[in-house]
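In: model this:
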Amino acid sequence: MIDAVFAGGIRPLPPEGHPSGIFKEAVAGPILLGPEGLQGDKQADRRVHGGPHKALHHFAAENYARLAAAFPGKAALFVPGSFGENVATTGWDEGTVCVGDVFRIGAAVVQVSQPRQPCWKINHKFGEDELMRHVAEHCIAGWYYRVLEGGPIAAGVVFELVERNAEPVTLRRLWFAHRAHRPDPDELAMLRGTAGLSPNWVQKLDERIEWLRKNR
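Out: So this is what the prediction gives:
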């Protein structure tokens, strides 16, 4: 089940006032999910957020407890919606969700396309200089979907896995393989062929593979 759905506009992010779409509010009723995301939801920097392969951002609600334990002084700030996610659930996280997984969310059908890459804006949002590094090191930034079938979604609707690759690759496995200091290029080559992986990540892995094989 979907615990909550969030959407929002663009607001200045303290202290410099950079425009950001990280500020989301819970949506009370059904909201339409289409190929570009939730109706009315905005992203300030479309180079790194939004678009057909990053139409919907999902964050595991359990990750907030992990963040609160790591940064107790900021614990009160770690609440659903505060990471800029669009949907939150319990029971699914980066260790159980796989690239290419197809889920039904109410009337919509979505496919996992890539993990979220945390950026400096979460440091500014929470006033914690080490937050982005911690999130990246522990692979707790959430993940993105592409929309296969649009439709209204809302808090409380069904969230169920309907299809998974024959050789599934968890988001955590992909993330840590890519972040390794000297990853095995053959493993990266296998991962880049995972059905459903976003073109951006395929290119990222291809570039890493090429560099590794030239510098053996």
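
In: Please tell me the pLDDT value assigned to the residue most central in space within the chain.
Out: In the chain, the C-alpha closest to the average C-alpha coordinate belongs to Trp143, at a distance of 2.2 Å (C-alpha atoms, centre = their mean). Per-residue confidence at Trp143 stands at 98 (pLDDT).

In: Does it touch His58 like I think?
Out: Yes: Trp143 sits in contact with His58 when judged by C-beta atoms under 8 Å, with a separation of 5.6 Å. Using the backbone N, CA and C atoms, a C-beta is placed for each residue, glycine as well.

In: Go through the protein and flag its longest helix.
Out: Secondary structure of the chain read by DSSP state H shows that its longest helix is helix 199-214.

In: From the rest of the structure, what touches that helix?
Out: Where contact means C-beta atoms under 8 Å, 6 or more residues apart in numbering, the residues beyond helix 199-214 that reach it are 53, 113-114, 174, 178, 182-183, 185, 188-189, 191-192.

In: Make CSV out of those and add neighbour count.
Out: As requested, the contacts of helix 199-214 are exported to CSV (neighbours: other C-beta atoms under 10 Å):
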residue, neighbour count
His53, 18
Ser113, 24
Gln114, 23
Leu174, 24
His178, 17
Arg182, 8
Pro183, 17
Pro185, 17
Leu188, 21
Ala189, 15
Leu191, 20
Arg192, 18
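
In: Show me those that map onto strands.
Out: Judged by DSSP state E, the contacts of helix 199-214 include 113-114 as members of strands.

In: Report the two members of the contacts of helix 199-214 separated by the largest distance.
Out: Comparing all pairs in the contacts of helix 199-214 by C-beta to C-beta, the longest separation belongs to His53 and Arg182, at 28.1 Å.
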